[in-house]
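Trainee: What follows is a predicted structure for the sequence shown.
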Amino acid sequence: MSKRIAILGSTGSIGKNALRVIDSLGAGYEVVALSAHSKVELLAEQVRKYKPKFAAVTNTDFAEQFRSMVSELDVEVLAGPGGLEEIAKLEDVDIVLTAIVGAAGLPAVLSAAKAGKTLAIANKEPLVIAGELLMRTIKASGGTILPVDSEHSAIFQAMQAGSHDEVSKIILTSSGGPFRKMSLGTIENVTAEQALAHPVWDMGPKITIDSATMMNKALEVIEAHWLFGMPVEKIEVLVHPESIIHSLVEFIDGSVVALLSKPDMCLPIQYALTYPKRVKGIAEHLQLDKIGKLTFEKPNLETFRALSLGFEVARTGGTAAVVFNAANETAVEQFLAGRIKFVRIVELVEHCLNRHNVKKQVSLEELLEADGWARKEVEQRVQQRKSVGI
Ligand SMILES: NC(=O)c1ccc[n+]([C@@H]2O[C@H](COP(=O)([O-])OP(=O)(O)OC[C@H]3O[C@@H](n4cnc5c(N)ncnc54)[C@H](OP(=O)(O)O)[C@@H]3O)[C@@H](O)[C@H]2O)c1
């Protein structure tokens, strides 16, 4: 029996890598559905090559254009964000690979979880903002959640060396991003071009900016907390510029199990698709003698305040994480649009956290309300401060 796969966000960095992995896996893996937001030419090319039964275009402005591009093909086109929820619960789908960027992926992730699918999750933001709800839903439906984020895939694999209560801590590694060596003063005026030039990973723009602020690592702390049911006190971050060790798990006897590989997202994507099997793949193998040495340092929490905020948010729980994430998504958009300086991203996130009254035990509606409030708060603050050169 083939594994039938839906890729939500097939035109992005993870989505394209997932298709490369599927090409290399060959028979036994069938692409049933693909999606894009606005890159419809690329989506049409992918539809011609992989012949999925379904293709979704979430930005309705591009749906008609896409329909005409694939009119001669046997594919059902779904338009608007609701199309992702439909795809995520299709009978014809076994694995839903979520490669959407941001909170926009939440409804589809929840839909796949409710339908008891195997969820190969790259889209970390839904886990950050609704981790408790998502883990509860997947448990109730009998579905499975497999991390694609390289750090979480590494932890997932390392955890198999012992039982959950034998873990004393998990250590997430971080490359440190392009500004690792900078102080708060020197980072003030970095440009979008500099922030988008990641030293190791080639990724989409939002996660690349998140890596530069270390917001990405903050989100990953919260992601790990939910995925592995690990108290925040047992999660640490270690800067490891070579990005060869993707994360580590320390057990109560003092043994530390690490996962090493070349930094290449094809490997964790492949592991999630072939799990529980391992097969030969396209990722280049490691040659440690050529690398020579691996280095580690503590994160600089003064320059990268996002990381301390992430730990605080993970401890606080409730609506804190949704505000943290939504404020960041909006601030990153403002930075990429050239409206604010790099350092204002985290300042705006902190501003929102300070103004927000955290609610615990919240419904999905309350989470979405807090998300909307934080986005508006960032936009208004940027508008108000435009005149003083934010
Ligand atoms: N890139 C990596 O190496 C990496 C590693 C670990 C985790 N992740 C996580 O994986 C997710 C995807 O990252 P990425 O780097 O692949 O992002 P990306 O390159 O920006 O791709 C994002 C995908 O989502 C689609 N999309 C954008 N906005 C959307 C919306 N509002 N509704 C529905 N679809 C939308 C895009 O469509 P269009 O192309 O048509 O705009 C594209 O297919 C993120 O959550 C990221 O944190 C990425």
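Mentor: Great, that's in hand. Numbers count the residues shown, from 1 in each chain.

Trainee: State which one residue of the stretch 101-250 of the chain is found closest to the ligand.
Mentor: The stretch 101-250 of the chain approaches the ligand most closely through residue 204 (2.6 Å), counting by Cβ to the nearest ligand atom. Where you see a C-beta, it was placed from the backbone N, CA and C, and this is true even at glycine.

Trainee: Could you do the stretch 251-390 of the chain as well?
Mentor: Counting by Cβ to the nearest ligand atom, the stretch 251-390 of the chain gets nearest to the ligand through residue 265 (4.4 Å).

Trainee: So what's the predicted local confidence for that residue?
Mentor: On pLDDT, residue 265 comes in at 97.

Trainee: And the one 4 residues further on, by the same measure?
Mentor: At residue 269, the pLDDT value in this model is 98.

Trainee: same check, this time on residue 40
Mentor: Predicted confidence (pLDDT) for residue 40: 98.

Trainee: ok, now which ones touch it?
Mentor: Applying Cβ atoms under 8 Å, 6 or more residues apart in numbering to residue 40 gives the contacts 57, 62, 65-66, 69.

Trainee: taking these one by one, which sit in helices?
Mentor: Using DSSP state H, the subset of these located in helices is 65-66, 69.

Trainee: Now which of the residues you listed would you call buried?
Mentor: By neighbour count, with 16 or more other Cβ atoms under 10 Å, the ones in helices among the contacts of residue 40 hold 66, 69 as buried.

Trainee: what's the closest of the ones in helices among the contacts of residue 40 to residue 359?
Mentor: Among those, residue 66 lies closest to residue 359 (Cβ to Cβ), at 39.7 Å.

Trainee: show me the contacts for the closest residue to residue 174 other than its chain neighbours.
Mentor: Leaving aside its chain neighbours, residue 174 sits nearest to residue 217 (4.7 Å; criterion: Cβ to Cβ, 6 or more residues apart in numbering). By Cβ under 8 Å, 6+ apart, the residues touching residue 217 are 172, 174, 211, 237, 299, 306-307, 310.

Trainee: where does residue 217 land in three-state SS?
Mentor: helix (DSSP: H, G, I helix; E, B strand; the rest coil).

Trainee: before we move on, what about residue 248?
Mentor: strand.

Trainee: Residues in a beta bridge with it, which ones?
Mentor: residue 171, residue 258 (DSSP bridges).

Trainee: Any regions of this structure where pLDDT drops low?
Mentor: When residues are selected by pLDDT under 70, those of the chain lie in 387-390.

Trainee: Sweet, I'm off.
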